[in-house]
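A.B. asks: Turn this into a model:
(one chain, ligands or ions: 2)
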Amino acid sequence: MTVHPLYPTIDTDGRITVASRVLALIFVIILPALGAAGAAVLGVLGMVTLVDLGIFAGMYLVTALGITVGYHRLFTHRAFDTPRPVRWILAIFGCMNAQGAPIVWAAQHRMHHACPDQPGDPHSPHQDRKPGFLGAVMGLWHSHFGHVFNQTAAIEPARYVPDLERDPFLQELEKWSALVVVLGMLLPFGAGWLLSGSWIGGLTGLLWGGWVRLFVATHATAAVNSLCHVFGSRRFAIQDRSGNVGWLAPLTLGESWHHNHHAFPTSARHGLKWWELDPSWIVIRTMERLGLAWNVCLISRERQEQKLAAKA
Ligand SMILES: [Zn+2]
Ligand SMILES: [Zn+2]
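C.D. replies: Ligands and ions are numbered 1, 2, ... in the order given. The predicted structure follows:
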């Protein structure tokens, strides 16, 4: 197995490297879960400050928007255009979530859209599903995070994201993504230290804005792949098993309107009804008003109704 010369997280055959899997297990699954458990204990003991919670909320918002607005709607689906510095900022904040850098992430996600819930989908809960309740749970785990350890399809950036490969900044970020994750830990530590005036405040800032944030962000993103392909409502005539899961919308910043998204993947807006809360869309709309986003892709009411009508 030779590590890919441009993408250190995968090898030349498009398989996730053993080192990446071990790091994911330790730093994305185990340590954030321990951090969240520790934070819960502090919460029960009444040892959580408003500064801690503010750092958590701030870090969660900017890093999660890096994934939803940046990695997903901008880089993967090209739902809008934005100035280069804004692309860079979104890419860096997204990278802090330890989900890899944008090129490999977007390549895998375009594969998902190329054959959702079909052979070749990198993380469908339905492919090769074993029967019964246990099979359903195993399918959910595979789509949630198991696909990192039991990869079913090779990741091919040259085939799926040639447009992103031409971006020198994104190419560079593939090499430095681990350092950006560390930066995502140093920021809440520094903020906690500055705002509380003590290094203990720095450590609790790191706990909440680093590890707890990573725990929530990891499982919010993963839930879109797992829960939103098993549960949820459907209203468009599409073949995959995606669903709209409303209660997840605040946490996923609107990404859990996943059935809408599969019906219209290039739409910058996933919450298509006025009551479908979509904070990522609110951010893109605000950017548009400020002149920071243009060519924003929206789906007309007629196009939406055509897909509805096709279902009847
Ligand atoms: Zn999907
Ligand atoms: Zn998508």
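
A.B. asks: Quick check: residue 7 vs residue 1, distance?
C.D. replies: 13 Å (C-beta to C-beta, to the nearest Å). In this view, the C-beta of every residue, glycine as well, is placed from N, C-alpha and C.

A.B. asks: the more surrounded of those two?
C.D. replies: residue 7 (23 against 9; other C-beta atoms under 10 Å).

A.B. asks: Which residues are in contact with residue 18?
C.D. replies: Contacts of residue 18 were listed using C-beta atoms under 8 Å, 6 or more residues apart in numbering, and they are residue 1.

A.B. asks: now do residue 121
C.D. replies: Contacts of residue 121 by C-beta under 8 Å, 6+ apart are 111-112, 115, 127, 152-153.

A.B. asks: Which of the helices and strands in this protein ranks last by mean pLDDT?
C.D. replies: helix 301-311 (a mean of 83; mean pLDDT, DSSP states H and E).

A.B. asks: I would like a ChimeraX command selecting only the buried ones among the contacts of residue 121, please.
C.D. replies: A single ChimeraX command selects the buried members of the contacts of residue 121 (16 or more other C-beta atoms under 10 Å):
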select :111,112,127,153
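
A.B. asks: can you give me the helices for the stretch 201-312 of the chain?
C.D. replies: Along the stretch 201-312 of the chain, the stretches classed as helices by DSSP state H, counting those that start in this stretch are 213-225, 249-252, 258-263, 279-289, 301-311.

A.B. asks: how near is residue 213 to residue 149?
C.D. replies: Where residue 149 is concerned, residue 213 sits at a distance of 23 Å (C-beta to C-beta).

A.B. asks: Model confidence at the nearest residue to residue 181 once chain neighbours are set aside, what's the number?
C.D. replies: In space, and not counting its chain neighbours, residue 181 is closest to residue 98: 4.7 Å by C-beta to C-beta, 6 or more residues apart in numbering. pLDDT, residue 98: 96.

A.B. asks: tell me the contacts of residue 98?
C.D. replies: 24, 27-28, 181, 184, 214, 218 are the contacts of residue 98 under C-beta under 8 Å, 6+ apart.

A.B. asks: Pretty sure it sits in a strand.
C.D. replies: No: Residue 98 is assigned coil when assessed by DSSP: H, G, I helix; E, B strand; the rest coil, not a strand.

A.B. asks: follow-up on the earlier one: report the two members of the contacts of residue 121 separated by the largest distance.
C.D. replies: With distances taken as C-beta to C-beta, the most widely separated pair in these is 111 and 127, at 12.4 Å.

A.B. asks: give me the element residue 180 is part of.
C.D. replies: Taking DSSP states H and E as the criterion, residue 180 maps to helix 168-196.

A.B. asks: and the gap between residue 52 and residue 214?
C.D. replies: 15 Å.

A.B. asks: More neighbours: the two, which one.
C.D. replies: residue 214 (28 against 25).

A.B. asks: Counting only helices, which of the contacts of residue 121 make the cut?
C.D. replies: 111-112 (DSSP state H).
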